[in-house]
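# Sharing a sequence plus its predicted fold:
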Amino acid sequence: MDLNLILQLTTSGFLLGGVYSLIALGLSLIFGVMKVINFAHGAMLVWGMYIAFTLMNWTGIDPFFSFAVSAACLFVLGYIVQRTVVNRIMTFHESMQVIAMVGVMMVLENMAQLIWGPDPHSPHTKYSLSTVWLGSVMIDIPRLLAFILAILIAAAVFVFLKYTDIGKSIRASADNRIGALIVGANVNKVYAVCFGVGAACVGAAGSLLVPLMPVSPHTGFPFKLTSFAIVILGGMGSLPGAMIGGLMIGVAESLGTVFIPSSLKQVISFGIMVLILLLRPKGLFGGKG
Amino acid sequence: MIKVNGIDVFYGDLQSLRSVSFEVQSKEIISMVGSNGAGKSTTLMTLSGILKLKGGEIFFENHPIHLCSSSQIVEMGIVQVPEGRQLFPSLTVIENLEMGARFPKAKKRKKETMDWVYNLFPRLEERKRQLAGTLSGGEQQMLAIGRGLMACPTLLMLDEPSLGLSPILVKTIFDIIKEINGQGTTILLVEQNVFHSLNLSHRGYVLENGSIAMSGTGQDLLKNQHIRQSYLGL
């Protein structure tokens, strides 16, 4: 096989993988702390995309700047979803949680369709087709920027969790809910902030995807499925696992297009997910089974 | 300081406290003894506001704290060191201690309190960058007490601090409880280790099947025939 082709595909998969990582980071954070699977994650991604898209149309602000606005809006949305829906279902059986979260997903998805219509939009940015050459490998500028920003945002999330008071409280509540109550943490607020941060990650990721692909109300669905695969690969609730899993799945999907049509690229991520479930069900970095 | 008036607490349909009343005066060490399932931990969880009561009232310096949230109760200075420690295993020792000092009053004195905790438990200082989950049982108990102290409590409630520790460590822990009390903190101690805890306490209550069966000074209770037979096996 052509070595150059492999290098090319690896690079472009790795770069998109950075955005996958950011999406999966949000999902894993929410699961790790609340033990609730955010089925609305894909719909939240779409909202992040549309917010950036609308801002670009109205004001000309580039999506690579407006990710902050998308993240802020999605933070508020996530905070509200936690307070109104998730808080009420946290002690329920998983199968019942799914119903409520799929409900949130449908509301968000259909609201997006109502507001922006069902047709896909492909926004144009000045640099959408610009590239640089690194030796014999061609690198998309938008992909490179999306990758760099995704990694920086993820790093900011890690710093937030590691060093801020509320970040430490989030980690503590994830570790031991009773312990957090005992020390007097306002656990409901901690959970709401945590869901907000998880949603902000996916909102920012949505914004970063705007220059790379068309926006439509259902764009989020394949990303949601891919991020489930990433979270299972990395280990449920493991944040480093989500980051590394995202890069791995990005590269694997991209390399997979050598063997199968790119419209079937999810076969790769699901294949990996099945393998992981068979061989190492707790994932690469999952501590608890 | 704290006055509990006839509280009833349920777990689902099961009543675990029946009209329990007791009080704790400032600077006292009070112990509450009783066998497994008598309702001791339930009492503390109710005082902490984590379990809600169905009947009765709890006053802390004349505030009705049964109406407060668990975080308001900690802010007022009623702090629990729970059974089973309930630490944060993937946080470091320092981070666990910091989690104890959440409210302005405690945050302001964080540095001095931490020094005092390290002074009481030098082992914690040696292991301050280690994850709490990697500590031994005794060290975890020290950390749980330290985390409680970080909140600058006026009333410190300890649930079975001697559980699962070696006899030497049990003695150390009881000595330290006495020292904490000496610094002016009121102590409410829940124990199955009846001899040690009554010996240390000014007064004690005996909880049986969810109600107070007996009360008195620590020494009187230790001499009581029923206690000697049922709890001390003498």
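The structure has been received and is ready for your questions.

# and residue B:204, that's in a strand?
Yes: counting by DSSP: H, G, I helix; E, B strand; the rest coil, one finds residue B:204 located in a strand.

# Look up the closest residue to residue B:132, ignoring the ones flanking it.
residue B:87 (4.6 Å; Cβ to Cβ, 6 or more residues apart in numbering or on different chains). Using the backbone N, CA and C atoms, a C-beta is placed for each residue, glycine as well.

# Which residues are in contact with that neighbour?
By Cβ atoms under 8 Å, 6 or more residues apart in numbering or on different chains, the residues touching residue B:87 are A:176, A:179, B:96, B:132-133, B:140, B:143-144, B:147.

# could you redo the last one with a cut-off of 7 Å?
Contacts for residue B:87 were tallied using Cβ atoms under 7 Å, 6 or more residues apart in numbering or on different chains; they are A:176, A:179, B:96, B:132, B:140, B:143-144.

# Just give me the neighbour total for residue B:175.
12 (other Cβ atoms under 10 Å in any protein chain shown).

# Before we move on, what's the pLDDT of residue 30?
By default, I'm working from chain A. Listed pLDDT for residue A:30 reads 96.

# ah, no, chain B please
As predicted, residue B:30 sits at a pLDDT of 96.

# what kind of secondary structure is it in?
Classification of residue B:30 using three-state DSSP returns strand.

# A strand includes the residue nearest to residue B:132, no?
No: using three-state DSSP, the assignment for residue B:87 is coil, not a strand.

# ok, so of the contacts of residue B:87, who is nearest residue A:241?
In terms of Cβ to Cβ, no member of the contacts of residue B:87 lies closer to residue A:241 than residue A:176, at 20.4 Å.

# which ones are touching the closest one?
B:86-88.

# Look up phi and psi at the residue in the stretch 51-200 of chain A that chain B sits nearest to.
Closest residue of the stretch 51-200 of chain A to chain B, Cβ to the nearest Cβ: residue A:184 (2.8 Å). Per-residue torsions, residue A:184: phi 90, psi 20 (degrees, to the nearest 10).

# Quick check: it touching residue B:69?
No: judged on Cβ atoms under 7 Å, residue A:184 makes no contact with residue B:69 at a distance of 8.9 Å.

# Looking at the two, which is more packed in?
Shown here are residue A:184 and residue B:69; by other Cβ under 10 Å, residue A:184 has more neighbours (27 against 16).

# Nearest spatial neighbour of that one, chain-adjacent residues omitted?
In space, and not counting its chain neighbours, residue A:184 is closest to residue B:74: 2.8 Å by Cβ to Cβ, 6+ apart.

# Provide the contact partners of the one helix or strand the one you found maps to at residue level.
For residue B:74, the host element (DSSP states H and E) is helix B:70-76. For helix B:70-76, contacts defined as Cβ under 7 Å, 6+ apart pick out A:181, A:183-186, B:48-50, B:60, B:65, B:103, B:151.

# Dump those residues to TSV, plus pLDDT and distance to residue A:103.
Conversion of the contacts of helix B:70-76 to TSV gives the following (pLDDT from 0 to 100; distance: Cβ to Cβ, whole Å):
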residue	pLDDT	distance to residue A:103
A:181	94	28
A:183	95	34
A:184	94	33
A:185	94	29
A:186	93	27
B:48	95	35
B:49	94	32
B:50	93	30
B:60	95	42
B:65	95	38
B:103	94	37
B:151	96	40
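
# Strands of chain B, residue ranges please.
For chain B, the strands defined by DSSP state E cover B:2-11, B:14-24, B:29-33, B:55-60, B:63-64, B:78-81, B:155-159, B:186-191, B:203-208, B:211-217.

# Now tell me which helix or strand of the chain has the poorest mean pLDDT.
No chain was given, so I picked chain A. In chain A, no helix or strand scores lower on mean pLDDT, DSSP states H and E than strand A:131-134, which sits at a mean of 86.

# which other residues reach that one?
Residues from elsewhere that reach strand A:131-134 (Cβ under 7 Å, 6+ apart): A:138-141.

# Does residue B:148 touch residue B:81 like I think?
Yes: here residue B:148 reaches residue B:81: they are 4.2 Å apart, a contact under Cβ under 7 Å.

# Now chain B against chain A: closest residue?
Taking Cβ to the nearest Cβ, chain B has residue B:74 as its residue nearest chain A, at 2.8 Å.
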